[in-house]
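Chemist: Quick one, what's the 3D model for this:
(chains A, B, C and D)
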4 protein chains.
Amino acid sequence: MKFQPFFAALLVTSSLFAQEHSHQSSRTLVFPDVPGYKTLKTDLHQHTVFSDGNVWPNIRVMEALRDNLDVISLTEHLEYQPHKVDIPHPDRNRSYEIALKEAKDHDLILVHGSEITRQAPIGHNNAIFIEDANKLLVEDAEESFAEAKEQGAFVFWNHPAWYAQSPKGNPILSNFQKERIKKGELHGIEVINTGDYSEESLALAIENNLTIMGTSDIHGLIDWDYVEKGHDRPITLVFAKERSIESLKEALFAGRTVAVFNSLLVGKEENLVPLLNASLQFERAKYINNTSVLEITLKNVTSSDLIFENQMPYTFYSSSPVFTVPAGGTKTLQIKTLEKKADLKIKLKALGAYTAPKEHPIVTWNIRLEE
Amino acid sequence: MKFQPFFAALLVTSSLFAQEHSHQSSRTLVFPDVPGYKTLKTDLHQHTVFSDGNVWPNIRVMEALRDNLDVISLTEHLEYQPHKVDIPHPDRNRSYEIALKEAKDHDLILVHGSEITRQAPIGHNNAIFIEDANKLLVEDAEESFAEAKEQGAFVFWNHPAWYAQSPKGNPILSNFQKERIKKGELHGIEVINTGDYSEESLALAIENNLTIMGTSDIHGLIDWDYVEKGHDRPITLVFAKERSIESLKEALFAGRTVAVFNSLLVGKEENLVPLLNASLQFERAKYINNTSVLEITLKNVTSSDLIFENQMPYTFYSSSPVFTVPAGGTKTLQIKTLEKKADLKIKLKALGAYTAPKEHPIVTWNIRLEE
Amino acid sequence: MKFQPFFAALLVTSSLFAQEHSHQSSRTLVFPDVPGYKTLKTDLHQHTVFSDGNVWPNIRVMEALRDNLDVISLTEHLEYQPHKVDIPHPDRNRSYEIALKEAKDHDLILVHGSEITRQAPIGHNNAIFIEDANKLLVEDAEESFAEAKEQGAFVFWNHPAWYAQSPKGNPILSNFQKERIKKGELHGIEVINTGDYSEESLALAIENNLTIMGTSDIHGLIDWDYVEKGHDRPITLVFAKERSIESLKEALFAGRTVAVFNSLLVGKEENLVPLLNASLQFERAKYINNTSVLEITLKNVTSSDLIFENQMPYTFYSSSPVFTVPAGGTKTLQIKTLEKKADLKIKLKALGAYTAPKEHPIVTWNIRLEE
Amino acid sequence: MKFQPFFAALLVTSSLFAQEHSHQSSRTLVFPDVPGYKTLKTDLHQHTVFSDGNVWPNIRVMEALRDNLDVISLTEHLEYQPHKVDIPHPDRNRSYEIALKEAKDHDLILVHGSEITRQAPIGHNNAIFIEDANKLLVEDAEESFAEAKEQGAFVFWNHPAWYAQSPKGNPILSNFQKERIKKGELHGIEVINTGDYSEESLALAIENNLTIMGTSDIHGLIDWDYVEKGHDRPITLVFAKERSIESLKEALFAGRTVAVFNSLLVGKEENLVPLLNASLQFERAKYINNTSVLEITLKNVTSSDLIFENQMPYTFYSSSPVFTVPAGGTKTLQIKTLEKKADLKIKLKALGAYTAPKEHPIVTWNIRLEE
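Modeler: Residues are numbered from 1 along each chain as shown, chains lettered A, B, ... in the order given. Next up, the predicted model:
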């Protein structure tokens, strides 16, 4: 009996009846490239029915395409397999293989990954760019990390501030992590996971020169756990030389990332400032008739609302010094430059962005004004 | 190693960060009870990873709760198992058992079901209220139906007009179906599946006294395939003596149903007219000062927009004779009754409802007007 | 002392601060031309502070531009001047003159008009295309109508069903109107005023060959009285040879109109059917693979939702036979044509349109299907 | 001939047809009372057809009621009367008298005012709480101010930074203003007008102990100039002992105000801090199980979005330190207090509020936590 053709047709049918009235909320994630690098939008921590998630891997691919991501990784718990009765397959690479089949028809990069999971202080860790997940499934965590290194993996510590493992929400670097870092077996740290931003994890990233990561850690549906609640999923922007797995890997090891959750952007200054620089465009600058009031429009080319505070020696005519340029939208400022100028240095503090705990980057743009 | 407590905690964490700004679109399905019966909202045709669907069974339970359904059934294809490599479990009752665990903490009735799937002319058929799905998995379709009957199942023919099996979209009752009906092995027929409404299937339902069914036949996500496209999922309203599996079964065998898809309502006159009668409430009737113009507000207590055409001997003051009472909303009519009356018979044709192909029910309400 | 330049500048300033985040609800009225005629969107019954309205005439011009109208007339009550203490100007042409100054910079036609106002049975009447409103202000209504005719005016009876003058909402043609019609002094009749549609007025229009009119009769703000309540203002579509006052006048005398209020369209068959014909466009027709199910997209190029009922000998695959094509949107039908056809006659009843009381037009389109 | 009853009826009719589907955007302005004072929402600078505005005074009353204001003043230019040909009435109190008739049926306080208008450096000034506007209409501005004082008026300088009078947008206190202040003839200054916020005007207010004002200066429609553009009109919150004209006057002379435009709040520290204190309520505080992470919900009881930055010695679990509590909405914080505490001092910097140029108030709340 050959069913396949019939069922394939059914799926086509299902989508025919409603090509009009699309109500899909616009959730496309957009960020500009920066000088010298492609900006890749990644979510490198996700689960499916192959560990403790609730969907088949193809759904994760479709969610990523809807969110306009460039890269995802399905990082199933190697050790925690609550659906084992029904999904007893011993090969820990299945989730990756199934997703790969779905992704290959689309412009989405799939990175092979796995989660190495222990109680505190070892905690949860993702190894990505692996070759064979099965080999990581060993009782001794140190051996597991060693094997990940052997496979060339980039490894990051998941949600160190998670209160289930750290009741004060106060992550502390244990000897285990210290040793892993020393041995080159731990390279990154989540400062944003699921919506939880930890200033302490950011401090650890800076002190230990770990790559700053943000991930969704999705188990259910992105729509239910993020979109419906008015959130975008947390992601890591990676500044890569090219849009390829190899470049992505190089960039992650080099620490060229910014973690993003809605309007919160967290990254090292050398990564965050160029991103913010590229995120605003300036349009339609001109002096209002017979005045020294310069009108200029700021366009936000990202999908995050950006909030700024004026740091110029000039005041505004028609805006609070604290203002938001909405995602994909514009804000027109009228700047009292006191005399008509040929050049202007725009200088703004980015209040939604952090280069270190409590530290906002200050960004400048040199604008040439038309006569 | 005991992981469970930690992971349970993680799920709790995940939902903490965003208790504000709920953006969930209101998709609650609501229909009133009718005299003598509870109106149960059911979706009795659904798939999960246990056949060719894309989600774990618990997602179907959560979707149903969001839609305010009373009853669902997971009707996996017995014969079509595209995920068999990963989910080789031989027990065809697993999907039901897993969903039952999720449903038992909620006020949702889960009916045990399965899909018996063949090429045309046998086609696809759902058997629900079964005891053991495994026993239905036999090569000979006639034997499968006989076994379903043996288990006391209610069986309905799925999407008879489906063009993959009926290229003219023109369902024909084959000898197979005729014999099943004669033997009491086929009791219902989908007139709405996935959004496809078939007048021919409705004609078959009436000619053969089959129970009228509407189902989502969902494989992916209700949100993506229906809600985002501006649709509610198709459902079957069942008029049951009580809110119980036994009453539901009695009502389905007795043919007390209305199939609903958005503002389309299809049912036998004896079921559809009482539903429409209960769907409108009349409020704030009063004559405008010194006139014989009666102002009266119609409240639609359902989640479907209801569209009517005036059938009274009186005209309206401020509305087209064709008008919509929006789902959950009101419409105020001003009726020129020519003299002040103590009673009024409101008489409307329901243009979105069908009791037979091209046949709209006419509904009347006797309103007592205050002095 | 010269203030003007400063105040002009102030108005400019006021509009500077908020060029972003425009929240203006899309209320543009759009209707297609019909074969041989331009379709002019008109609202020929409006009031300002120069009678019993609440705004300066320039606001009426701005409202019309926002609604995308082609033509308006300010029809102040000649006899009812509640603001006379403050606006004692004896010249009844002032409202027109002031509006003309505002309109002349825009692509809006302003028709000079006035309202001749008496108690029933004479009632309220608008004379438009007049030369001097002052000459219409005489005690004897018959003289006023005679003068309007002398000036070449097109005159229409306002809201004949208005219950303040007709407590049963039941307009009756008095000897006064009969004589006016006979003398060629009354040419049109409002069947829609403020949102009140009168089937009886439509019957009078047909019996007496009067031009069918729809008007807003606005006194306050279009935004508050219509837009906020989810309505478009009632208008009269006039099918004119050119977009000019002269052509408009010719068309009104010739009776080439359709009155529109939201999705209600009322007109003589010879005007309404061509309008509906031009209102739908057919796109992307093609047969679904290996079937005789034709998929075709209907595009509604008007700003009114259009509701139809199938009148073809073929049924639909995925829609109720009663369906809406939303304003400016599309609806895709799947039509079971039983065999693959090269031509198809689409035949639909327009349920929101009336050519006479309780009479819907049936519209046909001949579609050539691609091989 | 008596028309009035008929026309009154017409107005009633007009509003009948659409009691359902209200689309009015929620624009209600809401601010809490502060300890010892009623918070009155006022807009004390507005125009009608009686100077250079475009609406009859009753529209201003209706707009104020829609915005939930407590107090308005119609401040017609005494000297600038562009509609004089049609509205030649010599009495400059007419606008007030007409509005009073409309307001008296509603719970709206109307303050008698007028605008004294000259070129720079005298500029534009509003005198409110006057008795007779006519007496202010004299050629010599000094005499006009003297007369205002004679009548007991509260006088404020309008838009000092307006670039039409100050091309650098850089207001300077001239000898005229200095003398007026010295003589007790000038008491307030607009720091927000039409959407233009001037830090320099705020500096002048503080240096000269002038009352801080914010006004709409509306000429057209509030809906078109503010609501459609996504703005609330600028207002002045006045902290008065009672809700009466007398208390309002006392409070304005005492300088108890905060100027508000959307999420921008400007006031002296002694007025702004109590307002912010009353603007947030704290709900549902409790420690997450077995952790020292305190979950607490902040409710914003105002109609302005409030943006804050954390100033506590504790970090957050799931929020950026910079966060918004939306107007009328909530934000749940998880605060890592390091140990379980019985009391907590919440300390936040209000980034949308200013007590002086570039100076944000820091607000504290002492929260008692349940055991």
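Chemist: which residue ranges form the helices in chain A?
Modeler: A:4-14, A:57-66, A:94-103, A:141-150, A:175-182, A:199-207, A:222-225, A:245-253, A:269-279 (DSSP state H).
Chemist: contacting residues for A:Gln81?
Modeler: The neighbours of A:Gln81, taking C-beta atoms under 8 Å, 6 or more residues apart in numbering or on different chains as the test, are A:51, A:87. C-beta here means a position set from N, CA and C on the backbone, and glycine is covered the same way.
Chemist: Ok, A:Ser198 next?
Modeler: Neighbour list for A:Ser198: A:159-161, A:169, A:171, A:191-192, D:315, D:317 [criterion: C-beta under 8 Å, 6+ apart].
Chemist: quick one, which of the helices of chain A is nearest to chain C?
Modeler: Chain C lies closest to helix A:4-14 among those, at 8.4 Å (C-beta to the nearest C-beta).
Chemist: which residue packs closest to A:Pro321, ignoring adjacent ones?
Modeler: A:Asn310 (4.0 Å; C-beta to C-beta, 6 or more residues apart in numbering or on different chains).
Chemist: Bridged to that neighbour, which residues?
Modeler: Beta bridges link A:Asn310 to A:Leu348 when assigned by DSSP bridges.
Chemist: Including mean pLDDT, mean neighbour count and distance to B:Gly329, could the helices of chain A go into a markdown table?
Modeler: As requested, the helices of chain A are arranged in a markdown table below (pLDDT from 0 to 100; neighbours: other C-beta atoms under 10 Å in any protein chain shown; distance: least, C-beta to C-beta, whole Å):
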| stretch | mean pLDDT | mean neighbour count | distance to B:Gly329 |
| --- | --- | --- | --- |
| helix A:4-14 | 34 | 16 | 30 |
| helix A:57-66 | 97 | 22 | 31 |
| helix A:94-103 | 96 | 20 | 42 |
| helix A:141-150 | 98 | 19 | 58 |
| helix A:175-182 | 97 | 16 | 58 |
| helix A:199-207 | 97 | 20 | 48 |
| helix A:222-225 | 96 | 21 | 27 |
| helix A:245-253 | 98 | 19 | 51 |
| helix A:269-279 | 98 | 20 | 43 |
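Chemist: Using JSON lines, please lay out those together with distance to chain C.
Modeler: Output for these, formatted as JSON lines (distance: least, C-beta to the nearest C-beta, whole Å):
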{"stretch": "helix A:4-14", "distance to chain C": "8"}
{"stretch": "helix A:57-66", "distance to chain C": "22"}
{"stretch": "helix A:94-103", "distance to chain C": "23"}
{"stretch": "helix A:141-150", "distance to chain C": "48"}
{"stretch": "helix A:175-182", "distance to chain C": "46"}
{"stretch": "helix A:199-207", "distance to chain C": "32"}
{"stretch": "helix A:222-225", "distance to chain C": "24"}
{"stretch": "helix A:245-253", "distance to chain C": "34"}
{"stretch": "helix A:269-279", "distance to chain C": "16"}
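Chemist: right, so of the ones you listed, which gets closest to B:Phe129?
Modeler: helix A:4-14 (24.4 Å; C-beta to C-beta).
Chemist: follow-up on the earlier one: now, which of the contacts of A:Ser198 sits nearest C:Ile222?
Modeler: Among the contacts of A:Ser198, and counting by C-beta to C-beta, the member closest to C:Ile222 is A:Ile192, at 48.3 Å.
Chemist: pretty sure the closest one is touching A:Arg233, no?
Modeler: No - here A:Ile192 lies out of contact with A:Arg233, judged by C-beta atoms under 8 Å, at a distance of 10.2 Å.
Chemist: The two: which has the busier surroundings?
Modeler: Ranked by neighbour count (other C-beta atoms under 10 Å in any protein chain shown), A:Ile192 and A:Arg233 place A:Ile192 first, with 29 against 26.
Chemist: mind showing which ranges of the stretch 1-150 of chain A have poor pLDDT?
Modeler: In the predicted model, the stretch 1-150 of chain A carries pLDDT under 70 at residues A:1-26.
Chemist: Against B:Glu97, how distant is the residue sitting nearest the centre point of chain A?
Modeler: In chain A, the centroid-proximal residue (C-alpha atoms, centre = their mean) is A:Ile235; its distance is 1.6 Å. Using C-beta to C-beta, to the nearest Å, we find A:Ile235 at a distance of 37 Å from B:Glu97.
Chemist: now swap in A:Lys331 and tell me
Modeler: Here the distance between A:Lys331 and B:Glu97 works out to 56 Å (C-beta to C-beta).
Chemist: Make CSV out of the helices of chain A and add distance to D:Ile59.
Modeler: What follows is these, written out as CSV (distance: least, C-beta to C-beta, whole Å):
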stretch, distance to D:Ile59
helix A:4-14, 53
helix A:57-66, 46
helix A:94-103, 60
helix A:141-150, 72
helix A:175-182, 68
helix A:199-207, 52
helix A:222-225, 45
helix A:245-253, 60
helix A:269-279, 43
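Chemist: can you give me the strands for the stretch 201-350 of chain A?
Modeler: A:211-215, A:235-240, A:257-261, A:264-267, A:280-287, A:293-300, A:306-310, A:322-325, A:330-336, A:343-350 (DSSP state E, counting those that start in this stretch).
Chemist: The ones you listed into TSV, with extra columns for mean pLDDT and distance to C:Gly184?
Modeler: Below are the strands of the stretch 201-350 of chain A laid out as TSV (pLDDT from 0 to 100; distance: least, C-beta to C-beta, whole Å):
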stretch	mean pLDDT	distance to C:Gly184
strand A:211-215	98	79
strand A:235-240	98	75
strand A:257-261	98	74
strand A:264-267	98	75
strand A:280-287	94	58
strand A:293-300	97	59
strand A:306-310	98	68
strand A:322-325	97	64
strand A:330-336	96	58
strand A:343-350	97	70
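Chemist: Quick check: which of these is nearest to C:Leu74?
Modeler: Using C-beta to C-beta, the nearest of the strands of the stretch 201-350 of chain A to C:Leu74 is strand A:330-336, at 35.7 Å.
Chemist: Residues contacting the closest one, please?
Modeler: A:283-284, A:288, A:292-300, A:312, A:314-319, A:323-325, A:344, C:16-17, C:19-20, D:168-170.
Chemist: got the residues of the stretch 101-250 of chain A near chain D?
Modeler: A:161, A:163, A:167-170, A:195-200 (C-beta under 8 Å from any C-beta of the partner chain).
Chemist: Go through the residues you listed and flag which are in strands.
Modeler: A:196-197 (DSSP state E).
Chemist: So how do I select the buried members of the residues of the stretch 101-250 of chain A next to chain D in PyMOL?
Modeler: PyMOL command restricting those to the buried ones, with burial defined by 16 or more other C-beta atoms under 10 Å in any protein chain shown:
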select buried, chain A and resi 161+163+167+168+169+170+195+196+197+198+199+200
